[in-house]
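Colleague: no sequence for this one, just the structure:
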Ligand code: ADP
């Protein structure tokens with residue numbers, strides 16, 4: 001079975017074609033700057049073979065998708081003989097609210113429900129839905145399409161973990177609560193860690209930290225999420241590239257007043273101008289933060305220290321949430337998988353939990369599956385490259401086969 005996985009962003013479309021007989025990736029690519037001024041381009045790669053870049057006018061997601069299908073069936077660069085080679089399509093979808101606790105086969109009713117959720121992700125949801133509708137138009141109803149939600153894995157949180165301490169009617173009326181995101185990644189990390197540790201899902205307890213541009217951390221008990229750091233939107237929790245994570249909500253009216261900013265501008269302030277970028281005044285990229293702090297830049301050092309401290313605080317909180325029974329702390333995402341200095345600093349801060357790093361394994365380790373804690377460490381610490389696309393492809397296959 002060949003499965004196409006799509007991740008439609010507001011101006012981008014990422015794709016990957018899997019052959020599910022061995023879960024290999026046949027081709028992958030990225031369409032950039034869809035609908036924006038300037039040059040739009042597609043970068044397309046056949047695994048282990050050629051890579052091409054095509055520049056052309058791409059005004060919307062439907063056009064982007066037909067261009068991708070053209071490349072995928074191209075006699076020179078393609079990996080499919082015709083469109084009928086696509087057996088199922090999996091879509092990454094930001095928000096499933098409480099309606100979707102698992103991935104779902106898409107029909108017209110599901111699309112209409114998703115349209116009601118646009119206010120939960122005004123940037124991402126229209127693009128996610130656009131990708132689904134474009135596929136329905138081009139491939140027709142006979143090719144199964146599956147929506148895989150960033151929120152679904154977190155739907156097992158207990159009420160006391162997901163409810164905000166504001167008037168309860170806000171939850172009842174508007175669905176204001178913690179939903180959590182990066183769920184597909186946390187689910188993959190949970191399954192992979194269980195496999196590696198030789199445990200069944202219902203006996204594994206983990207703390208999984210996905211740290212890329214966006215960062216989130218999840219407490220997993222018996223294979224299920226019991227708490228996670230992101231909230232109603234992906235803004236709450238850890239310090240991120242450009243997002244503030246946790247702060248006193250009273251900062252908003254205070255700054256709104258001081259700076260004369262409206263609610264939309266404050267939202268942008270916290271989402272786009274804060275985090276590592278806001279503190280350092282330099283960059284949202286952890287590699288730049290390292291370079292600057294090593295040159296003696298004190299604000300870059302502060303940004304790094306805050307990132308590590310917030311992460312360690314959450315690990316401590318989730319250790320308690322899990323009753324002190326943690327099989328492993330897992331680092332993933334661009335930072336978690338590649339940044340040995342960050343991992344070392346975090347483990348140092350966590351020494352109170354009996355965590356001991358094996359420097360000889362950790363130092364220089366990038367993008368690999370490994371246990372980086374020493375044998376005497378009370379909690380095992382692992383790095384696991386996450387694979388959200390594979391998780392989406394597996395769910396798509398499962399549902400397309402009616403399982
Ligand atoms: P996204 O959340 O957009 O998927 P990634 O998971 O690719 O992002 O993570 C991107 C971040 O990973 C970059 O902003 C950068 O800070 C960090 N990163 C990547 N490689 C390294 C590295 N070698 N050392 C430190 N940080 C890194």
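Modeller: Received it, and whenever you're ready, just let me know what you need. Worth saying up front: this structure is predicted, and the values here are computed from it rather than measured. Numbering: from 1, shown residues only.

Colleague: At the contact with the ligand, which residues of the stretch 301-403 of the chain appear?
Modeller: 333-335, 338-339, 366 (CB under 6 Å from any ligand atom). No exception for glycine: its C-beta is placed from N, CA and C like everyone else's.

Colleague: at 5 Å instead, please
Modeller: Residues of the stretch 301-403 of the chain lying close to the ligand by CB under 5 Å from any ligand atom are 333-335, 338-339.

Colleague: and the next element down the chain from the helix ranked longest in the chain?
Modeller: Determined from DSSP state H, the single longest helix within the chain is helix 298-321. Using DSSP states H and E, the next helix or strand after helix 298-321 towards the C-terminus is strand 328-332.

Colleague: burial measure for the closest residue to the ligand within the stretch 301-403 of the chain, as a count.
Modeller: When scored by CB to the nearest ligand atom, the stretch 301-403 of the chain has residue 334 as its residue closest to the ligand, at 2.0 Å. Other residues lying near residue 334 total 19 when counted by other CB atoms under 10 Å.

Colleague: Can you spell out which residues form a bridge with residue 228?
Modeller: residue 218 (DSSP bridges).

Colleague: from memory residue 123 sits against residue 10, does it?
Modeller: Yes. Applying CB atoms under 8 Å, one finds residue 123 in contact with residue 10, separated by 5.0 Å.

Colleague: who has more neighbours, these two?
Modeller: Neighbours per residue, other CB under 10 Å: of residue 123 and residue 10, the larger number sits with residue 10, 17 against 12.

Colleague: quick one: the closest residue to the ligand within the stretch 101-250 of the chain from residue 181, how far?
Modeller: At 2.3 Å from the ligand, residue 212 is the closest residue in the stretch 101-250 of the chain, using CB to the nearest ligand atom. Distance, residue 212 to residue 181, using CB to CB, to the nearest Å: 12 Å.

Colleague: now residue 16
Modeller: 20 Å.

Colleague: between these two, which one's more packed in?
Modeller: residue 181 (28 against 21).

Colleague: wait, the more buried one sits on residue 234?
Modeller: Yes. Judged on CB under 8 Å, residue 181 makes contact with residue 234 at a distance of 4.5 Å.

Colleague: Mutual contacts of those two, please.
Modeller: Contact with both residue 181 and residue 234 is made by residues 214, 216, according to CB atoms under 8 Å, 6 or more residues apart in numbering.

Colleague: number of nearby residues for residue 393?
Modeller: Residue 393 has 27 nearby residues by other CB under 10 Å.

Colleague: got it, and residue 248?
Modeller: Residue 248, neighbours per other CB under 10 Å, totals 7.

Colleague: Confirm it sits in a helix?
Modeller: No. Applying DSSP: H, G, I helix; E, B strand; the rest coil, one finds residue 248 to be coil, outside a helix.

Colleague: Give me every residue in the protein that's in contact range of the ligand.
Modeller: Residues of the chain found near the ligand (CB under 5 Å from any ligand atom) are 212-213, 285-287, 333-335, 338-339.

Colleague: Before I go, just wanted to say thanks for your time.
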